[in-house]
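Asker: predicted model and sequence follow; I will ask about them next.
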Amino acid sequence: MAKDRFGRNIHYLRISLTDRCNLRCVYCMPEDMTFRPNAELMQDDEILTLTRLFANLGIDKIRLTGGEPTLRKNVVEIVRGISETEGIKSVSMTTNGLLLSRLAQPLADAGLERVNISIDTLEPEKFKRLTRWGKVNEVLEGINAAEDAGLTPVKLNAVIVTGYNESDVVPLAGLTQEHPWQVRFIEMMPFAGATEFQLTQTVTAAQVQKEVEDAYGTLEVVNNGKLDGEARLFKIKDGIGDVGFISSVTSPFCASCTRARLTADGILRMCLLREKEIDLLTPLRAGASMEELRELILEAVWMKPWGHGLADGTIPLNRTMSEIGG
Ligand code: SAM
Ligand code: SF4
């Protein structure tokens, strides 16, 4: 297991399969976003080579993300290759769900274990405004397809944005009364591309939790308050699913962070919210040996930043969220 200098075991890698997306969520990227040419992105065999290397170093958990990972050509084959890699125990995906009605079953058959699906509102007009052109019904169909394919427990991600979907907190949390889903409210974080918007339209986890409790009563703590990944989990009384809060901005979980990120263009990023990057694709293409790449990764892991610097006003401005991989 690769350890950083603070003793954290880094065993979880998020791999971005593409920076492209079929939506343009207002809190994620500008409408006129330009994407990287395909040749600059890791090719399928390069993803699998790097996965093997990371697995050798103790990475056992992979989440595929993007951009929108389901847009990646050969996504099913990539999932199969990763899930068959020795040492990888779990492969999951974060997706906007739009293509899951078609892809959920093939992805599950290829070894995908679970999905997190992003849905910030249940109302078609608001969804369109938040995503700039999405149809919420397609996401709901995707959620059903994921359940039918056994990609469970389904986790739903919602970012609450001032002036867009504050009134959706209560209905979204209410889904857990009837479905065994985990509805997770994520605090909006600042990056390049929409920084001013992200800094001014934030709704904190505490504000969201208050709204949920005003509507449904005091929430019951789940797991004795132990974090599930990055989420603090609760239940609405008699609910069958969980409500989670991811307070990366107001109450960061950096001390227990065990993850690293590999961007679609093959850059290793040890903290979502720090600009420091280690290029793995260029040396791989230049013929570096596995031992040389291994050394690069171990050094990067060792130097993983203790935590982000949002509290001091340090904002990562070299990439949008979609270019890093959320
Ligand atoms: N396209 C996929 C999706 O939307 O689920 C995967 C990539 S997206 C970048 C991953 C997650 O990041 C989504 O749940 C999205 O809501 C969240 N996200 C995007 N921009 C964010 C921001 N500025 N702050 C917090 N979360 C953000
Ligand atoms: Fe696309 Fe996901 Fe970003 Fe929305 S949050 S624009 S779906 S990458």
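Answerer: Sure thing, it's come through. Ligands and ions are numbered 1, 2, ... in the order given.

Asker: run through the stretch 201-326 of the chain and note the low-pLDDT ranges.
Answerer: Within the stretch 201-326 of the chain, not a single segment meets pLDDT under 70.

Asker: quick check: residues of it near ligand 2?
Answerer: Within the stretch 201-326 of the chain, the residues that sit near ligand 2 (CB under 6 Å from any ligand atom) are S322. (Each C-beta comes from the backbone N, C-alpha and C, glycine too.)

Asker: just give me the neighbour total for the closest residue to ligand 1 within the stretch 201-326 of the chain.
Answerer: In the stretch 201-326 of the chain, the residue that lies nearest ligand 1 is G326 (2.7 Å; CB to the nearest ligand atom). Using other CB atoms under 10 Å, the number of residues around G326 comes to 21.

Asker: correct me, but Q201 touches T162?
Answerer: Yes - using CB atoms under 8 Å, Q201 is in contact with T162, at 4.2 Å.

Asker: now do the contacts for D109.
Answerer: With contact set as CB atoms under 8 Å, 6 or more residues apart in numbering, D109 has no partners.

Asker: phi, psi of it?
Answerer: Backbone torsions for D109, taken as degrees, to the nearest 10, come to phi -60, psi -30.

Asker: just to revisit the earlier point, now do the contacts for the residue of the stretch 201-326 of the chain closest to ligand 1.
Answerer: Neighbour list for G326: C28, T65, T94, L272 [criterion: CB under 8 Å, 6+ apart].

Asker: in the sheet, who's paired with the third one?
Answerer: Taking DSSP bridges as the rule, T94 bridges to N116.

Asker: report how many residues lie close to it.
Answerer: Applying other CB under 10 Å, we find 22 other residues in the vicinity of T94.

Asker: residues contacting it?
Answerer: Contacts of T94 (CB under 8 Å, 6+ apart): R63, L64, T65, G66, P69, V115, N116, I117, S118, N157, G326.

Asker: same list (those residues) but as CSV, adding secondary structure.
Answerer: As requested, those are exported to CSV (DSSP: H, G, I helix; E, B strand; the rest coil):
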residue, secondary structure
R63, strand
L64, strand
T65, strand
G66, strand
P69, helix
V115, strand
N116, strand
I117, strand
S118, strand
N157, strand
G326, coil
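
Asker: would you format these as TSV with distance to R261 included?
Answerer: TSV is the format used below for these (distance: CB to CB, whole Å):
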residue	distance to R261
R63	9
L64	11
T65	8
G66	12
P69	13
V115	18
N116	15
I117	20
S118	17
N157	16
G326	9
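
Asker: which positions in the chain make contact with ligand 1?
Answerer: Residues of the chain lying near ligand 1 (CB under 6 Å from any ligand atom): 21, 27-28, 65-66, 68, 94-96, 118, 157, 159, 186, 188-189, 191, 198, 321-322, 326.

Asker: ranges for the strands of this protein?
Answerer: Counting by DSSP state E, the chain has these strands, from start to end: 2-3, 9-10, 12-18, 61-66, 90-95, 114-118, 155-159, 182-186, 220-221, 232-235, 242-246, 259-262, 267-269, 278-279.

Asker: what's the angle from the fifth one to strand 114-118?
Answerer: It refers to strand 90-95. If you take axes from the mean of the first three to the mean of the last three CA atoms, to 10 degrees, strand 90-95 sits at 20 degrees to strand 114-118.

Asker: same question for the third one.
Answerer: Our comparison of strand 12-18 with strand 114-118, counting by the same axes, to 10 degrees, yields an angle of 60 degrees.

Asker: helices or strands up against strand 12-18?
Answerer: helix 44-56, strand 61-66, helix 75-83, strand 259-262 (3 or more CB pairs under 8 Å, 6 or more residues apart in numbering; DSSP states H and E).

Asker: ok, which of those comes nearest L107?
Answerer: For the helices and strands packed on strand 12-18, proximity to L107 was assessed by CB to CB; helix 75-83 is nearest, at 5.6 Å.

Asker: related to what we said a few turns ago, just the buried residues of the contacts of T94.
Answerer: R63, L64, T65, G66, P69, V115, N116, I117, S118, N157, G326 (16 or more other CB atoms under 10 Å).

Asker: chain center to stretch 307-318: distance?
Answerer: Taking CA atoms, centre = their mean, to the nearest Å, one finds the center of stretch 307-318 at 19 Å from the center of the full chain.

Asker: buried stuff in that stretch?
Answerer: Buried, per 16+ other CB under 10 Å, within stretch 307-318: G307, H308, L310, I315, P316.

Asker: and that stretch, end to end?
Answerer: 17 Å (CA to CA, to the nearest Å).

Asker: give me every residue that touches the residue nearest to G266 when sequence neighbours are not counted.
Answerer: Closest residue to G266 apart from its sequence neighbours, by CB to CB, 6 or more residues apart in numbering: L281 at 2.5 Å. Residues in contact with L281, defined by CB under 8 Å, 6+ apart, are M42, E46, D265, G266, I267.
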